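>>> My questions are about this predicted structure, shown below with the sequence.
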Amino acid sequence: MRDAVRSLIEELLRAIVIEEGVARECAEIAHTCREDGGHEIAGGIQSLARHHRVRAMEARARVAALKATYRDVDGEA
């Protein structure tokens, strides 16, 4: 069980990195669109950036819940 939980936590951490990266890229694209006058498209892309940030936060919450439930996985008592 410990290996399965550790593996799940590692996958969630990788997902967080990916989601944050996509969110950052979307935010940068939205910023560029706004500078170029594309306010409508910028709003849609910014919404997509928020979606990915929320997914990253959800994954962080899952990691925290797993660590709290299975404290011995991290070597904590």
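Yep, that arrived.
>>> And the residue nearest the centre of the protein?
Centroid check for the chain by CA atoms, centre = their mean gives Ala56 as the closest residue, at 1.8 Å.
>>> burial count for Cys26?
For Cys26, the count of nearby residues is 20 (other CB atoms under 10 Å). Yep, even glycine has a C-beta here, placed from its N, CA and C like the rest.
>>> for this structure, what's the longest helix?
In the chain, taking DSSP state H as the definition, the longest helix is helix 2-35.
>>> what helices or strands is that helix leaning on?
Contacting helix 2-35 under the criterion 3 or more CB pairs under 8 Å, 6 or more residues apart in numbering; DSSP states H and E are the following elements: helix 39-69.
>>> can you give me the angle the helix it packs on makes with helix 2-35?
For helix 39-69 against helix 2-35, the angle between stretch directions is 160 degrees (axes from the mean of the first three to the mean of the last three CA atoms, to 10 degrees).
>>> buried residues in helix 39-69?
Residues 42, 45-46, 48-49, 52-53, 55-56, 59-60, 63, 66 are the ones in helix 39-69 that count as buried (16 or more other CB atoms under 10 Å).
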